[in-house]
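J.: quick one: sequence and predicted model below, then my questions.
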Amino acid sequence: MQRAGAAVARHALTLLPEITEDLHVLVAAGPGNNGGDALEAAAILAQRGVAVTIIHLADETMLPADARMALTRARQSGAVFVASLPSKSWSLTIDGLFGIGLTRPLEGRYRELASQLNQLSCPVLAIDVPSGLDADTGGIVGSDGLAVLADATLTFIANKPGLHTLHGRDSAGHVVVDDLGIEPNLFPKPIAHLNTPLAFADEVRPRLHASHKGSYGDLQVIGGAEGMSGAVILAARMALMAGAGRVFVGFAGPAPAYDSLHPELMCRHADDLRVDHGAVVIGPGLGMSRQAHDLLGRALSLAPSLVIDAGT
């Protein structure tokens with residue numbers, strides 16, 4: 001908990017301008033370990049000369065031992081404890097109400113305070129996970145639940161899938177992971193990886209100057225029934241950006257003469273494309289017509305390399 005609190009304090013200082021007497025940090029601390037992390041951070045910030053105000057919504061007699069110690073340090077630090085949110089211009093708010101162990105929706109004073117935090121104009125830093133958010137799914141806990149909307153989340157030990165899925169990206173803001181100094185050999189192997197451009201770095205290779213688009217393979221992208229041509233165009237454009245060589249776009253509906261944004265795309269009617277060489281992507285905006293059925297059947301029979309979009 002002390003490591004976590006110190007990490008929160010360090011990150012909070014990066015979100016603050018130079019420390020002055022006009023700097024005011026609000027810390028919302030809950031009843032569990034997440035609240036203890038917040039109290040540790042509050043104590044460190046106060047000792048660094050930051051004016052810290054703490055709203056501690058917890059029964060002190062029910063606190064875990066390390067959270068009680070954090071509360072003592074916060075009281076000795078010069079931080080000010082209040083029962084409700086003061087009307088003040090805040091420089092930063094730290095959300096330490098609840099972390100990954102929350103199983104019930106925010107209710108009562110917790111929900112009221114979370115709602116008030118969401119209305120503040122200052123940046124909000126969430127500890128481990130924004131209060132009210134399911135760290136595994138990215139859902140908001142409870143059918144009528146509420147989650148804190150943070151500008152940044154400092155999460156501990158390992159990343160949480162819920163910070164990047166469903167409501168997670170809206171609630172978590174910019175996510176930073178702090179391993180709290182745990183030795184790398186103690187971590188189990190991950191079962192999932194966050195999809196970022198860095199994940200594809202090994203696939204990016206420099207291209208020879210004496211080469212052209214035909215040197216890097218052919219791709220047929222098939223879809224675009226009438227009224228849904230944007231889907232196949234978007235897929236083809238992204239294929240270009242990912243490094244595909246010659247990209248043919250096959251429209252099940254009317255085919256435009258060219259794509260005004262990327263005229264290097266070669267627009268055809270889907271029935272006119274060869275699908276027996278290169279790679280084929282089929283499905284974006286293809287629809288469920290008999291023609292779509294036949295195009296898919298031909299691609300399944302002939303394409304040497306095939307990606308099928310869920311639309312089919």
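T.: Ah, there it is. Note that this is a predicted model, so its numbers are computed, not measured.

J.: any chance you could map the strands in the stretch 1-150 of the chain?
T.: 24-29, 51-56, 80-82, 92-96, 124-127 (DSSP state E, counting those that start in this stretch).

J.: need those strands in JSON lines with mean neighbour count, can you?
T.: C-betas here are computed from N, CA, C, even on glycine. Below are the strands of the stretch 1-150 of the chain laid out as JSON lines (neighbours: other Cβ atoms under 10 Å):
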{"stretch": "strand 24-29", "mean neighbour count": "26"}
{"stretch": "strand 51-56", "mean neighbour count": "23"}
{"stretch": "strand 80-82", "mean neighbour count": "13"}
{"stretch": "strand 92-96", "mean neighbour count": "28"}
{"stretch": "strand 124-127", "mean neighbour count": "30"}
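
J.: need the ones you listed in JSON lines with mean pLDDT and distance to Leu261, can you?
T.: Output for the strands of the stretch 1-150 of the chain, formatted as JSON lines (pLDDT from 0 to 100; distance: least, Cβ to Cβ, whole Å):
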{"stretch": "strand 24-29", "mean pLDDT": "97", "distance to Leu261": "46"}
{"stretch": "strand 51-56", "mean pLDDT": "97", "distance to Leu261": "51"}
{"stretch": "strand 80-82", "mean pLDDT": "97", "distance to Leu261": "55"}
{"stretch": "strand 92-96", "mean pLDDT": "98", "distance to Leu261": "41"}
{"stretch": "strand 124-127", "mean pLDDT": "98", "distance to Leu261": "37"}
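
J.: turn the ones you listed into a markdown table, columns for distance to Asp144.
T.: Shown next, in a markdown table, are these (distance: least, Cβ to Cβ, whole Å):
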| stretch | distance to Asp144 |
| --- | --- |
| strand 24-29 | 21 |
| strand 51-56 | 23 |
| strand 80-82 | 28 |
| strand 92-96 | 20 |
| strand 124-127 | 21 |
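
J.: so which of those is nearest Ala244?
T.: Each of the strands of the stretch 1-150 of the chain has some distance to Ala244 by Cβ to Cβ; the shortest is strand 124-127, at 39.5 Å.

J.: with only the CA atoms kept, save the closest one in CSV.
T.: Taking C-alpha atoms only, strand 124-127 is exported to CSV below (Å, rounded to 0.1, in the frame of the first residue of the first chain):
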residue,chain,number,x,y,z
VAL,A,124,-9.4,13.4,-12.2
LEU,A,125,-6.8,10.7,-11.5
ALA,A,126,-8.2,7.3,-10.7
ILE,A,127,-6.3,4.8,-8.5
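
J.: partners of whatever helix or strand comes next after that strand in the sheet?
T.: Next helix or strand after strand 124-127 toward the C-terminus (DSSP states H and E): strand 152-156. Strands that pair with strand 152-156, judged by DSSP bridges, come out as strand 124-127 (parallel), strand 174-178 (parallel).

J.: how about those strands, which one is nearest Asp136?
T.: Of all those, strand 174-178 comes closest under Cβ to Cβ, at 14.9 Å.

J.: if we can go back for a sec, can you put the strands paired with strand 152-156 in a markdown table and add distance to Leu163?
T.: Below are these laid out as a markdown table (distance: least, Cβ to Cβ, whole Å):
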| stretch | distance to Leu163 |
| --- | --- |
| strand 124-127 | 9 |
| strand 174-178 | 5 |
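
J.: which of those strands sits closest to Glu264?
T.: That would be strand 174-178 among those, by Cβ to Cβ, at 35.2 Å.

J.: distance between the closest one and the chain's centre?
T.: Distance of strand 174-178 from its chain centroid, counting by Cα atoms, centre = their mean, to the nearest Å, is 10 Å.

J.: how far away is the spatially most central residue of the chain from Leu97?
T.: Nearest residue to the geometric centre of the chain (Cα atoms, centre = their mean): His164, 2.9 Å. Separation of His164 from Leu97 (Cβ to Cβ, to the nearest Å) stands at 21 Å.

J.: do the same with Asp128
T.: For Asp128, the distance to Leu97 - Cβ to Cβ - is 11 Å.

J.: could you give the number of residues near the residue nearest to Pro31 when sequence neighbours are not counted?
T.: Among residues not flanking Pro31 along the chain, Ala58 sits closest, at 3.7 Å (Cβ to Cβ, 6 or more residues apart in numbering). By other Cβ atoms under 10 Å, the residues close to Ala58 number 18.

J.: go on, Asp128?
T.: By other Cβ under 10 Å, the residues close to Asp128 number 25.

J.: contact partners for the nearest residue to it once chain neighbours are set aside?
T.: Nearest residue to Asp128, sequence neighbours excluded (Cβ to Cβ, 6+ apart): Gly99, at 4.4 Å. Under the criterion of Cβ atoms under 8 Å, 6 or more residues apart in numbering, the contact list for Gly99 reads Gly32, Asn33, Asn34, Asp37, Ile127, Asp128, Val129, Ser131, Ala135.
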